[in-house]
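**Student:** The amino acid sequence is not available; the structure is as follows:
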C-alpha cells in the first residue's frame with residue numbers, strides 16, 4: 001500500500017507543472033532577436049508564450065567590427081534556470097596588427113532567473129599579423145560570486161580590484177584603472193561599511209593627483225550607516241548613494257564620485273553583453289551602490 005501511495009504522489013508531482021498550464025511543449029527554430037534561436041515552450045491560458053526547456057541562440061552582427069553572440073542554457077517557466085554559457089566572439093582586422101580574434105565567455109548558474117554561486121569569465125585573444133607568421137594566443141580568467149543576483153566577494157577584472165562583503169557591500173581598498181586614447185587614469189578608493197571614506201584620482205603615467213578626498217573619521221563615528229539624517233558633533237549628515245549625487249545641486253566635486261561609480265559599473269555590466277541579446281527570464285545583476293557622506297544644509 002505504501003508503495004502505491006508513493007508512486008501516485010510522485011506521478012502527481014511530476015505531472016503537475018504541465019497540468020497547471022494545460023499545454024504540451026512545442027518547439028521553435030528560426031529567426032529571433034536579430035539572430036537564430038532553438039527552444040521549447042508552452043502557451044498559457046492567455047496564449048502567452050512561456051519558454052520552458054533547452055534554449056540556444058546565435059546572432060552575427062556588425063558594429064565597428066563583426067561580432068557573434070552565442071547563448072546556450074535552459075528555461076523553467078520563462079525564467080533562466082540551470083547552467084548558461086554566454087559568448088561574444090569578435091574579429092578585428094587592422095593593417096598594423098593583422099587579424100585579432102577575441103572570444104569572451106561568461107558561464108554560471110541561474111536559479112529561477114537569478115544568478116547564484118560562482119560565474120567564470122574567460123577571455124581568449126588570438127592574434128596573427130599575416131599569413132606568414134604563427135598566431136599567438138593569450139587567455140585570462142576571472143571569477144565572480146553572486147547571491148540572489150547580487151555581486152559579492154573578491155573582484156579582480158579589467159583594471160578593477162576590490163572586495164564586496166557577503167551582502168554585496170563595498171569594503172576595504174579598491175583600485176580602478178581606466179585606459180583610453182587620451183590618457184590613463186586610476187582611482188584609489190576606500191570604504192567602511194559601504195560608505196566611501198577616501199577617493200583619489202591620479203594620472204597613471206606621472207602620478208599627478210587630479211583630485212583627493214578623505215573623510216574617514218566622521219564616517220566611522222556615525223551612529224549607523226543608513227540613509228537617514230544623522231547628527232555628529234552638532235552637525236547633520238546624510239549618506240547618499242553615489243549614483244544619486246548631483247554636482248549641479250550638491251558639491252561640485254561630486255562629479256568624481258559619479259564618474260568612479262559609472263566607470264566601475266559599466267566595466268562590470270559588460271560581462272552581460274551577450275546575455276543582453278536575450279533579456280527575457282533574467283535582469284541585469286545588482287551592484288549595490290556605495291554611499292557618500294554629505295552635509296545637510298538648511
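**Tutor:** Ah, there it is. The model shown is predicted, which means the values in this text are computed figures rather than measured ones.
**Student:** contacts, neighbours, all on C-alpha from now
**Tutor:** OK.
**Student:** ranges for the helices of the stretch 1-150 of the chain?
**Tutor:** Here the stretch 1-150 of the chain has its helices, by DSSP state H, counting those that start in this stretch, at 2-21.
**Student:** Against residue 55, how distant is residue 39?
**Tutor:** According to Cα to Cα, to the nearest Å, residue 39 and residue 55 sit 4 Å apart.
**Student:** helices and strands of this structure: which one bottoms out on pLDDT?
**Tutor:** Counting by mean pLDDT, DSSP states H and E, the chain has its least confident helix or strand at helix 2-21, which shows a mean of 45.
**Student:** ok so residue 252 is a strand residue?
**Tutor:** No: Residue 252 is assigned coil when assessed by DSSP: H, G, I helix; E, B strand; the rest coil, not a strand.
**Student:** quick one, phi psi at residue 134?
**Tutor:** With angles defined as degrees, to the nearest 10, residue 134 sits at phi -80, psi 140.
**Student:** And for residue 267?
**Tutor:** As for residue 267, its main-chain torsions (degrees, to the nearest 10) stand at phi -60, psi -40.
**Student:** so what's it closest to, chain neighbours aside?
**Tutor:** residue 158 (7.2 Å; Cα to Cα, 6 or more residues apart in numbering).
**Student:** tally of neighbours for that neighbour?
**Tutor:** Using other Cα atoms under 10 Å, residue 158 has 13 other residues around it.
**Student:** if I read this right, it contacts residue 269, doesn't it?
**Tutor:** No: the criterion here is Cα atoms under 8 Å, and residue 158 misses it with residue 269 at 11.6 Å.
**Student:** And residue 161, how close does it get to residue 177?
**Tutor:** Separation of residue 161 from residue 177 (Cα to Cα): 9 Å.
**Student:** ignore the last one, residue 275
**Tutor:** The spacing between residue 275 and residue 177, counted by Cα to Cα, is 25 Å.
**Student:** so what's residue 196 up against?
**Tutor:** 189-190, 290-293 (Cα atoms under 8 Å, 6 or more residues apart in numbering).
**Student:** any idea what residue 217 is structurally, helix, strand or coil?
**Tutor:** helix.
**Student:** Show the contacting residues for it.
**Tutor:** Residue 217 neighbours (Cα under 8 Å, 6+ apart): none.
**Student:** still on that earlier bit, please convert the contacts of residue 196 to CSV, extending it with secondary structure, distance to residue 97 and pLDDT.
**Tutor:** What follows is the contacts of residue 196, written out as CSV (DSSP: H, G, I helix; E, B strand; the rest coil; distance: Cα to Cα, whole Å; pLDDT from 0 to 100):
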residue, secondary structure, distance to residue 97, pLDDT
189, strand, 36, 97
190, strand, 39, 97
290, coil, 40, 96
291, strand, 43, 94
292, strand, 44, 93
293, strand, 47, 90
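**Student:** give me the number of residues near the closest residue to residue 201 other than its chain neighbours?
**Tutor:** Closest residue to residue 201 apart from its sequence neighbours, by Cα to Cα, 6+ apart: residue 187 at 4.6 Å. The tally of other residues near residue 187 (other Cα under 10 Å) stands at 24.
**Student:** do you know how far residue 187 is from residue 233?
**Tutor:** Taken as Cα to Cα, the span from residue 187 to residue 233 is 31 Å.
**Student:** same thing with residue 76?
**Tutor:** Separation of residue 76 from residue 233 (Cα to Cα) stands at 55 Å.
**Student:** of those two, who's got more company?
**Tutor:** residue 76 (18 against 7).
**Student:** I figured that one was touching residue 54, is that so?
**Tutor:** No: between residue 76 and residue 54 there is no contact under Cα under 8 Å: 9.0 Å.
**Student:** Please tell me I have it right and residue 38 contacts residue 57.
**Tutor:** Yes: at 6.5 Å, residue 38 counts as touching residue 57 under the criterion of Cα under 8 Å.
**Student:** the more surrounded of these two?
**Tutor:** Higher neighbour count among residue 38 and residue 57: residue 57, with 22 against 16, using other Cα under 10 Å.
**Student:** In contact with that one: list those residues for me.
**Tutor:** The contact partners of residue 57, by Cα under 8 Å, 6+ apart, come to 35-38, 69-72.
**Student:** Where does pLDDT dip in the stretch 101-250 of the chain?
**Tutor:** For the stretch 101-250 of the chain, the stretches flagged by pLDDT under 70 are 131, 249-250.
**Student:** can you confirm residue 281 is in a helix?
**Tutor:** No: residue state for residue 281 (three-state DSSP) corresponds to coil; a helix is not indicated.
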